[in-house]
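>>> Got a sequence here, can you model it:
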Amino acid sequence: MNNPVLILLESAMMFCMIDLCIDARMAFCSGIGVYIRQLVPFFNAAPFRLRLLVDRFDQPWCCGIEQILFRAPIYSVKEQLQYPLKVPKCDLFWSPHYNVPLLPIRAKKRIATIHDACHLALGTFEKKMYAKWVMRRALARSDRAITVSQFSKVEIEKFVGCGDLKVIHVGINRNTFSRKPSSEEIRKKYRLPERFVLFIGNFKPHKNIERLIRAFSKVNVSGLELVVVGKGTALGQVLDEELPVLYSMAEMFVFPSLYEGFGLPPLEAMSCGCPTVVSNAASIPEVCGDASVYFNPENVDEMADAIRRVAVDEKLRAKLIQRGLERVEVFKWEKTAMEHRKVFEEVCFA
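Purely as a prediction, here's the structure:
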């Protein structure tokens, strides 16, 4: 039998609005930026009254939402000094990254997302000490903390030694990332070969591109070339709208990373019907499940064998494409947003 008191309380909660402020200044910072831009629109509805901290006005992705200009550089002393002035009086302040206000602010409750422990696992001694200090304070000053994978939860708890972390996987936008027709315009623009293996990333050591280049030199499949796209590469960064076309044109996508808190690119590739060959390190198996061919990212010969196997086996490629399309159905931004909303409401109504 339903408890009438609980029913009344639940009904009352439905009519309780939550003043929510989100630090959205990193909306175009790689994976964190995707996370912010995809989730924020879901919070611009009851029970939330939404305001954003932004580093510039007139951004199309958040038009129609109340905004507060905050131009202090990220990770700066000036930023920390201005946080108490910029964060308005509100019920809840959400930091979608571990760079949180260290001084008191006017929010009643606070939540932070810590995406990974990369700086703690791979940084220099100085960077590790600084990251540990900041993360501990982020956790201490937050009423709840979120992370994006079970792997990250274990890593953060291992390095920081504290924190009640809620794991919420991020999503993939199937409207953006879907199979696209081949484009001769893009092929000419980037001088793409007829058959190519695609890597998207940068030259940070944990992206492991040097081993990938060495491995690919051992693949020896006629007509197959390696295309490397991203900041600091020969082709540079591509436009967002070109990414799904590149994934769709590629023979396969390879992801040799040594460390990822989540790792969206394999899911983007899967969503575009591109077979994926990925590292078996960090969070990547948690994300890719049975929809990828795996290799040890520190073993060049094993990496080369995995790429070669997918390149020469049409049935395997077809199986990976089908499993990839099934796998991405697990990761929907609607589900991610719903789980965040639940955490926000639990914290505010606690």
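
>>> Against Val229, how distant is Asn173?
Separation of Asn173 from Val229 (Cβ to Cβ, to the nearest Å): 19 Å. Every residue, glycine included, has its C-beta placed from N, CA and C.

>>> oh, I was asking about Val238
6 Å.

>>> and if you look at Asn220?
Counting by Cβ to Cβ, the gap from Asn220 to Val229 is 23 Å.

>>> Which one's more surrounded, these two?
Val229 (20 against 10; other Cβ atoms under 10 Å).

>>> list the contacts for that one?
Going by Cβ atoms under 8 Å, 6 or more residues apart in numbering, Val229 touches Tyr190, Leu198, Phe199, Ile200, Leu235, Gly236, Gln237, Val238, Leu246.

>>> nearest to Lys166, of these?
Ile200 (29.1 Å; Cβ to Cβ).

>>> I'd guessed Leu224 sits against Arg195; true?
Yes: counting by Cβ atoms under 8 Å, Leu224 does reach Arg195; the two are 4.9 Å apart.

>>> tell me how far the helix or strand hosting Pro266 is from the chain's mean position?
Taking DSSP states H and E as the definition, Pro266 sits inside helix 265-271. On the basis of Cα atoms, centre = their mean, to the nearest Å, helix 265-271 is displaced by 12 Å from the centre of the chain it belongs to.

>>> Quick check: which helices or strands does that helix pack against?
helix 243-249, strand 252-255, strand 276-279, helix 284-288, helix 314-327 (3 or more Cβ pairs under 8 Å, 6 or more residues apart in numbering; DSSP states H and E).

>>> And for the following helix or strand past the last one, what's in contact with it?
The helix or strand immediately downstream of helix 314-327 is helix 333-349, counting by DSSP H and E. With Cβ under 8 Å, 6+ apart as the contact definition, helix 333-349 has outside contacts at 13, 16, 18, 20, 38-39, 42-43, 47-48, 91-92, 94, 108-109, 111, 143-144, 146, 166, 168-173.

>>> Quick one, grab the pLDDT at Lys158.
In the predicted model, Lys158 carries a pLDDT score of 92.

>>> nope, Lys128 is what I meant
pLDDT for Lys128: 89.

>>> Please enumerate the helices of the stretch 151-300 of the chain.
Applying DSSP state H, counting those that start in this stretch to the stretch 151-300 of the chain gives helices spanning 184-189, 209-216, 243-249, 265-271, 284-288, 300-312.

>>> C-alpha coordinates for the second one, CSV please?
Coordinates of each C-alpha in helix 209-216 appear next as CSV, following Å, rounded to 0.1, in the frame of the first residue of the first chain:
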residue,chain,number,x,y,z
ILE,A,209,50.8,7.5,-31.7
GLU,A,210,54.5,6.7,-32.1
ARG,A,211,53.9,3.0,-31.4
LEU,A,212,51.0,3.2,-33.8
ILE,A,213,53.2,4.5,-36.6
ARG,A,214,55.8,1.8,-35.9
ALA,A,215,53.0,-0.9,-35.9
PHE,A,216,51.5,0.3,-39.1
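
>>> residues of that helix that come out buried?
Neighbour counts using 16 or more other Cβ atoms under 10 Å place Ile209, Arg211, Leu212, Ala215, Phe216 of helix 209-216 among the buried residues.

>>> can you list the weak-confidence ranges in the stretch 151-300 of the chain?
Counting by pLDDT under 70, the ranges of the stretch 151-300 of the chain that qualify are 163.

>>> Kindly report the same for the stretch 1-150 of the chain.
For the stretch 1-150 of the chain (pLDDT under 70), the answer is 1-15.

>>> all strands of it, in order?
18-23, 48-54, 66-69, 90-95, 107-113, 144-147 (DSSP state E, counting those that start in this stretch).

>>> Those: which one's closest to Pro285?
Closest approach to Pro285 among the strands of the stretch 1-150 of the chain is made by strand 144-147 (16.9 Å; Cβ to Cβ).

>>> domains of the protein?
Domain assignment for the chain by automatic domain parsing gives 14-171+332-349, 184-330.

>>> So which of those domains is nearest Phe177?
The nearest among the domains of the chain, by Cβ to Cβ, is domain 184-330 at 3.9 Å.

>>> Pull up the distance across the closest one, start to finish.
Distance between the two ends of domain 184-330: 33 Å, counting by Cα to Cα, to the nearest Å.

>>> hmm, back to that, could you dump the strands of the stretch 1-150 of the chain into TSV with mean neighbour count and distance to Phe344 added?
Output for the strands of the stretch 1-150 of the chain, formatted as TSV (neighbours: other Cβ atoms under 10 Å; distance: least, Cβ to Cβ, whole Å):
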stretch	mean neighbour count	distance to Phe344
strand 18-23	23	7
strand 48-54	20	8
strand 66-69	14	17
strand 90-95	24	6
strand 107-113	22	7
strand 144-147	24	9
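
>>> Save the ones you listed as a markdown table, and put in distance to Ile284 too.
A markdown table is the format used below for these (distance: least, Cβ to Cβ, whole Å):
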| stretch | distance to Ile284 |
| --- | --- |
| strand 18-23 | 28 |
| strand 48-54 | 32 |
| strand 66-69 | 36 |
| strand 90-95 | 26 |
| strand 107-113 | 20 |
| strand 144-147 | 16 |
